[in-house]
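**Student:** Coordinates for the following, if possible.
(chains A and B)
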Amino acid sequence: AQSVTQLDSQVPVFEEAPVELRCNYSSSVSVYLFWYVQYPNQGLQLLLKYLSGSTLVESINGFEAEFNKSQTSFHLRKPSVHISDTAEYFCAVTEGKTSYDKVIFGPGTSLSVIP
Amino acid sequence: DTEVTQTPKHLVMGMTNKKSLKCEQHMGHRAMYWYKQKAKKPPELMFVYSYEKLSINESVPSRFSPECPNSSLLNLHLHALQPEDSALYLCASTRGEGVSYNEQFFGPGTRLTVL
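**Tutor:** Prediction:
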């Protein structure tokens, strides 16, 4: 069975400092990996995804994540955070066997950017 | 149109009321999902419809009744709810056709309060 671990439930960081949000998964098969962001009182938005190919994926707002198969990790990084990055971040995994696969979400990491 | 819409945004209901949540997408997606999300927790899958047929029911109590009248519309009928059912209810959709990575598009959610 698949599972997703996000070791840090809360990450406070000063504005313009770098940040890393950790995500590890377990699965016996190949998976597809996602990071979703949820701003207060909103639904989830896809931040970035790894499907295949280059192990480094980037989003349009400066976040990047690297897929590491040997470490079974998909950590999210940003070199300089902004106040507007304050949100809940969920790592997710799916096996993609069927057209309506379950998506397994991690417990989430609450990122707080301090002015 | 690249969004999932949900109505109403907020709903307050008594334990004897009957109400419905509505979700709509016009992206041609063939799989639609209902999730329940408690504060600071990841979404919990409730139901999945694929090609307008119920494909997954995660042992949800019968006081929640899903309905998929057509490929664009998903309803969740509520009856005799309990206060612990108060949560954010999220709808999502995926292409569900020829694509196996199941990128989920989420709606903004309905904030439900059961008194």
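**Student:** Can you give me every residue that contacts the nearest residue to A:Glu58 once chain neighbours are set aside?
**Tutor:** Spatial nearest neighbour of A:Glu58, excluding adjacent residues (CB to CB, 6 or more residues apart in numbering or on different chains): A:Glu64 at 4.6 Å. No exception for glycine: its C-beta is placed from N, CA and C like everyone else's. Going by CB atoms under 8 Å, 6 or more residues apart in numbering or on different chains, A:Glu64 touches A:Leu48, A:Leu56, A:Val57, A:Glu58, A:Leu76, A:Arg77, A:Lys78.
**Student:** Could you give the number of residues near the fifth one?
**Tutor:** Here the count is done by other CB atoms under 10 Å in any protein chain shown, and A:Leu76 has 24 residues near it.
**Student:** Return the set of residues that bridge with it.
**Tutor:** In this structure, A:Leu76 bridges to A:Leu21, A:Ala65 when assessed by DSSP bridges.
**Student:** so A:Gly106 touches B:Pro42, yeah?
**Tutor:** Yes. Using CB atoms under 8 Å, A:Gly106 is in contact with B:Pro42, at 6.6 Å.
**Student:** what sits in contact with each of those two?
**Tutor:** A:Phe90.
**Student:** still on that earlier bit, from the contacts of A:Glu64, which ones fall inside strands?
**Tutor:** A:Leu48, A:Leu56, A:Val57, A:Glu58, A:Leu76, A:Arg77, A:Lys78 (DSSP state E).
**Student:** So which of those wins on neighbours?
**Tutor:** Result: A:Leu76 is most packed of the ones in strands among the contacts of A:Glu64 (other CB under 10 Å), 24 neighbours.
**Student:** ranges for the strands of chain B?
**Tutor:** For chain B, applying DSSP E gives strands covering B:4-7, B:10-13, B:18-25, B:31-37, B:44-50, B:53-57, B:64-70, B:73-79, B:87-94, B:105-106, B:110-114.
**Student:** Can you add mean neighbour count and mean pLDDT and give these back as a markdown table?
**Tutor:** Putting these into a markdown table (neighbours: other CB atoms under 10 Å in any protein chain shown; pLDDT from 0 to 100) gives the following:
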| stretch | mean neighbour count | mean pLDDT |
| --- | --- | --- |
| strand B:4-7 | 18 | 96 |
| strand B:10-13 | 14 | 95 |
| strand B:18-25 | 19 | 97 |
| strand B:31-37 | 24 | 95 |
| strand B:44-50 | 20 | 94 |
| strand B:53-57 | 13 | 90 |
| strand B:64-70 | 15 | 96 |
| strand B:73-79 | 19 | 97 |
| strand B:87-94 | 24 | 95 |
| strand B:105-106 | 22 | 92 |
| strand B:110-114 | 18 | 96 |
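**Student:** Switch those strands over to a markdown table, and while doing so, append distance to chain A to every line.
**Tutor:** A markdown table is the format used below for the strands of chain B (distance: least, CB to the nearest CB, whole Å):
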| stretch | distance to chain A |
| --- | --- |
| strand B:4-7 | 8 |
| strand B:10-13 | 10 |
| strand B:18-25 | 11 |
| strand B:31-37 | 4 |
| strand B:44-50 | 4 |
| strand B:53-57 | 5 |
| strand B:64-70 | 12 |
| strand B:73-79 | 13 |
| strand B:87-94 | 6 |
| strand B:105-106 | 4 |
| strand B:110-114 | 8 |
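**Student:** export these to JSON lines and tack on distance to A:Gln10?
**Tutor:** Compiled in JSON lines, the strands of chain B are given as follows (distance: least, CB to CB, whole Å):
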{"stretch": "strand B:4-7", "distance to A:Gln10": "28"}
{"stretch": "strand B:10-13", "distance to A:Gln10": "27"}
{"stretch": "strand B:18-25", "distance to A:Gln10": "31"}
{"stretch": "strand B:31-37", "distance to A:Gln10": "18"}
{"stretch": "strand B:44-50", "distance to A:Gln10": "21"}
{"stretch": "strand B:53-57", "distance to A:Gln10": "32"}
{"stretch": "strand B:64-70", "distance to A:Gln10": "31"}
{"stretch": "strand B:73-79", "distance to A:Gln10": "31"}
{"stretch": "strand B:87-94", "distance to A:Gln10": "20"}
{"stretch": "strand B:105-106", "distance to A:Gln10": "23"}
{"stretch": "strand B:110-114", "distance to A:Gln10": "23"}
